[in-house]
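K.L.:
Please work out how this folds:
(one chain, ligands or ions: 1)
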Amino acid sequence: MTKTIRRVESAAAAPARVLAFHRVAPPTAGRRNLTVTADSFSEQMQVLFRTAFVDAQIDAIASHDRRLHRRGRHHFAITFDDGYVDNLTTALPILEQNDLPVTVFISTAFIGKPYFWWDRLDELTSNADQRSTLVNAACSLQLLAEQQEDELAVATPDQINRALERRLERLVLEERNDLLDELSQLTGCKPLDSSARPLNESELVRLASHPLVTIGCHGHRHLKLGQSDRADAAKDILHSKQALAAVLGPRQHTFAYPHGSHDKTSVSLVKEAGFSLAFTTDSRPVSILDSKWRLPRIATADIGGEEFARRRRLPI
Ligand SMILES: [Zn+2]
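P.N.:
Here you go, the predicted model:
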């Protein structure tokens, strides 16, 4: 099978839309639910198979090829962020069934790690019964020193999650994971389901070698690049490019800003690093006025095929 461009006639012209998925898995607890169930994903992909033009060459999205619009086809691209193992084990078989191409953006520091730290944090804070145990444990580790005692007494699990996130995201990966492990021990939080883990190196190679898959870059440490200082952002962007090259060999990649966070500096750093284009998380269709360094992507939801078609104005 070669990387193909699927062309299926549909009723009306529409702008290009880039869908941003994270995981195909059962719903998870916690502040971020980044999952779409396998059933929903399968239904959504069947709708795209029947009605849309799904681009294998994601760069074509930025070329604003007006011929596609004149032909009256719905133009889509499918992307996944972060590099979860279920992209290979669950999403890819469904994409194969529908012959749909995908770009997977990898945060390289997490390759082979047991979890993404934000999932561990969500697991810790999602159990409301343990709220006071968690607050006490976090205070004993000096993780909530910036919060007032009276605020903490009434803080919701989501507010505690955000406060811990702000503190933890400033740390280096190992220090952050050690603290999360300590917090888990102190609160008796069960380990994360291993299906929520990042891809390891051999799984990434398998995924990348599939004819329907293109790998893109999602930074190294998943930093908010728009809020990082120049030296930190430059180091992270280059590191991610080198880390992907070390596993997959040198090739030109596209980039997706972690959290969608970018500013003038990070945009120019991504350009200088030799990426071909970059995506934000601005949830709307691609406009002909969009810069190829700030291309929007549409946030996805755990909805069935009919609702997906309705929201994307696709024929059922
Ligand atoms: Zn991400």
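K.L.:
Could you check how many residues crowd around the residue lying closest to Leu143 once chain neighbours are set aside?
P.N.:
If the residues on either side of it in the chain are set aside, Leu143 comes closest to Arg167, at 5.1 Å by CB to CB, 6 or more residues apart in numbering. In short, each C-beta sits where N, CA and C put it, glycine included. By other CB atoms under 10 Å, 19 other residues sit near Arg167.
K.L.:
What separation do you get for Arg167 and the ion?
P.N.:
From Arg167 across to the ion, the span is 19 Å (CB to the ion, to the nearest Å).
K.L.:
Give me the contact list for the host helix or strand of that residue.
P.N.:
For Arg167, the host element (DSSP states H and E) is helix 157-168. Taking contacts as CB atoms under 8 Å, 6 or more residues apart in numbering, the residues outside helix 157-168 that touch it are 30-31, 117-118, 121-122, 124-128, 131, 134-135, 138, 143-144, 146-147, 152, 155, 176, 179-180.
K.L.:
Taking the residues you listed, please make a PyMOL selection of just the buried ones.
P.N.:
The command below creates a PyMOL selection of those among the contacts of helix 157-168 that count as buried (16 or more other CB atoms under 10 Å):
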select buried, resi 30+31+117+118+121+122+124+125+126+127+131+134+135+138+143+144+147+152+155+176+179+180
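K.L.:
The helix holding Arg167: what's the following helix or strand?
P.N.:
Reading on from helix 157-168 to the C-terminus, the next helix or strand found by DSSP H and E is helix 173-187.
K.L.:
hmm, who's touching that following helix?
P.N.:
The set of residues external to helix 173-187 that reach it, using CB under 8 Å, 6+ apart, is 109, 113, 117, 120-121, 124, 130, 133-134, 137-138, 140-141, 143, 168-169, 171, 189, 191, 221.
K.L.:
Let me know the average pLDDT across that helix.
P.N.:
Model confidence over helix 173-187 averages 87 on the pLDDT scale.
K.L.:
repeat for stretch 307-316
P.N.:
For stretch 307-316, the per-residue pLDDT values average out at 87.
K.L.:
List the buried residues for it?
P.N.:
Taking 16+ other CB under 10 Å as the basis for neighbour counts, the residues of stretch 307-316 that come out buried are Phe308, Ala309, Arg312, Leu314.
K.L.:
Also stretch 292-302?
P.N.:
Taking 16+ other CB under 10 Å as the basis for neighbour counts, the residues of stretch 292-302 that come out buried are Lys292, Trp293, Leu295, Pro296, Arg297, Ile298, Thr300, Asp302.
K.L.:
Including distance to the ion, could the residues you listed go into CSV?
P.N.:
Compiled in CSV, the buried residues of stretch 292-302 are given as follows (distance: CB to the ion, whole Å):
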residue, distance to the ion
Lys292, 20
Trp293, 18
Leu295, 16
Pro296, 15
Arg297, 11
Ile298, 15
Thr300, 13
Asp302, 17
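K.L.:
What about these, which are in helices?
P.N.:
Cross-referencing the buried residues of stretch 292-302 with the helices (criterion: DSSP state H) gives no overlap at all.
K.L.:
Near the ion, which residues of this protein are found?
P.N.:
Residues of the chain lying close to the ion by CB under 5 Å from the ion are Asp81, Asp82, Pro258.
K.L.:
any idea which of the residues you listed has the most stuff around it?
P.N.:
Ranked by neighbour count under the definition other CB under 10 Å, the residues of the chain next to the ion are headed by Asp81 with 27 neighbours.
K.L.:
Following element in sequence after the strand or helix carrying that residue, please.
P.N.:
Assessed by DSSP H and E, Asp81 sits inside strand 74-82. Following the chain from strand 74-82 toward its C-terminal end, the next helix or strand by DSSP H and E is helix 86.
K.L.:
Point out the other helices and strands that the helix or strand just after that following helix packs with.
P.N.:
Using DSSP H and E, the helix or strand that follows helix 86 in sequence is helix 92-97. Where contact means 3 or more CB pairs under 8 Å, 6 or more residues apart in numbering; DSSP states H and E, helix 92-97 is packed against helix 38-51.
K.L.:
helices or strands up against the helix it packs on?
P.N.:
Packing partners of helix 38-51 (3+ CB pairs under 8 Å, 6+ apart): strand 74-82, helix 92-97, helix 305-311.
K.L.:
Give me the most central residue, the protein.
P.N.:
Central residue of the chain (CA atoms, centre = their mean): Asp81, 2.4 Å from the mean position.
K.L.:
And the residue of the stretch 151-300 of the chain that's closest to the ion?
P.N.:
Closest approach between the stretch 151-300 of the chain and the ion, counting by CB to the ion: Pro258, at 4.7 Å.
K.L.:
where does the residue of the chain positioned farthest from its centre land in three-state SS?
P.N.:
Of all residues in the chain, Asp150 sits farthest from the chain's C-alpha centroid, using CA atoms, centre = their mean; the distance is 35.3 Å. Three-state call for Asp150 (DSSP: H, G, I helix; E, B strand; the rest coil): helix.
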